[in-house]
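J.: Sequence and predicted structure below; questions after.
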Amino acid sequence: METPGLVMHGEAAPFSTALRSLINNPLYSDVRFVVGQERQEVFAHRCLLACRCNFFQRLLDTRVPSPLVLSTVPAEAFLAVMEFLYTNTVKLHRHSVLEVLTAAVEYGLEELRELCLEFVGKILDVELVCEALQVAVTFGLGPLQGRCLAFIESHSKEVLRTRGFLELSAPALLPLLRSDKLCVDECELVLAARSWARVGAAVLERPVAEVAAPVVRELRLALLAPAELSALEEQNRLEPLIPAEQIVEAWKCHALRREDTAPGTRCRRRRGTLPREHHRFLDLPFK
């Protein structure tokens, strides 16, 4: 009776080095890509891509003529994907990891996606967190979204001053404005929301109030003192941002001094809310 065979493993390093030498190498390549706005040419090998990634298997099965144009993925991110497919390793960089993560999600490369998420978790900082949050919201990456939100809650003032904050989409901004744990006062949040809406209005060529409409309902105007609310009302006349009825609701809360006139989160203090005399008529202190 023949004895069962035994798998013997050779040295991994020379094998990996040999495959790495084929990345973007025209030698024996049988497919070309033109990637990114740079329109950089990248050489690859159909059989390897097809066996490693279902996305490329389907793409290459269509027999579309070479080169294949992939204009939405930057060249650096695409080459990182190629590195992973050829060697099962990838060198990630802070400035491009979110683009690699985006490509990994779009191409269905779960292992690469997890490597990117692990790397982002290690390098998350004030300048990167809003961009990471946007990617998380766009692709439904719940754990990354939660991690970004927790970071922003602890570094609220610094994050509100970043360009990344101003470039958030409304769906990405909403979870922030709904949080009780932001370490920032409501006055600063109102100013940040106005700056965000101005940038969006300029980019989209739409009125500030229209751009702000999906998010301003989450501002807790009842937390502002009467003088602050009056100043906001005056500025709102000059540059409409907040619906008039929302300001009226805040004034009613001041006039009646009863929390049931502005129920729910609109009276609830955040972690960074500065104390004001009228707060004793609202809810319990933040816990």
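T.: Received the coordinates, thanks.

J.: Please report phi then psi for residue 41.
T.: Residue 41 has phi and psi values of phi -90, psi 130 when expressed as degrees, to the nearest 10.

J.: Check it and give its pLDDT.
T.: You'll see residue 41 listed with a pLDDT of 96.

J.: Quick check: what element follows the longest helix belonging to the chain along the chain?
T.: Assignment by DSSP state H gives helix 186-204 as the longest helix of the chain. Following helix 186-204 in sequence order, the next helix or strand is helix 208-212 (DSSP states H and E).

J.: buried ones in that following helix?
T.: For helix 208-212, the neighbour count (16 or more other Cβ atoms under 10 Å) marks 208, 209, 211, 212 as buried. Where you see a C-beta, it was placed from the backbone N, CA and C, and this is true even at glycine.

J.: The helix or strand following that helix versus helix 186-204: what angle between them?
T.: Downstream of helix 208-212, the first helix or strand assigned by DSSP H and E is helix 226-238. Relative orientation of helix 226-238 versus helix 186-204 (axes from the mean of the first three to the mean of the last three Cα atoms, to 10 degrees): 10 degrees.

J.: buried ones in the next helix-or-strand element following helix 226-238?
T.: Counting by DSSP H and E, the next helix or strand C-terminal to helix 226-238 is helix 244-256. By 16+ other Cβ under 10 Å, the buried positions in helix 244-256 come out as 246, 247, 250, 251, 253, 254.

J.: next one: stretch 157-166
T.: By 16+ other Cβ under 10 Å, the buried positions in stretch 157-166 come out as 158, 159, 160, 162, 164, 165, 166.

J.: Restricting to C-alpha, output that stretch in CSV.
T.: Below are the C-alpha coordinates for stretch 157-166, written out as CSV (Å, rounded to 0.1, in the frame of the first residue of the first chain):
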residue,chain,number,x,y,z
LYS,A,157,-11.8,71.2,18.8
GLU,A,158,-8.7,70.2,16.8
VAL,A,159,-10.7,68.2,14.3
LEU,A,160,-13.2,71.0,13.7
ARG,A,161,-10.3,73.1,12.4
THR,A,162,-9.1,70.7,9.8
ARG,A,163,-9.7,70.8,6.1
GLY,A,164,-11.0,67.2,6.3
PHE,A,165,-13.9,68.3,8.5
LEU,A,166,-15.0,70.9,5.9
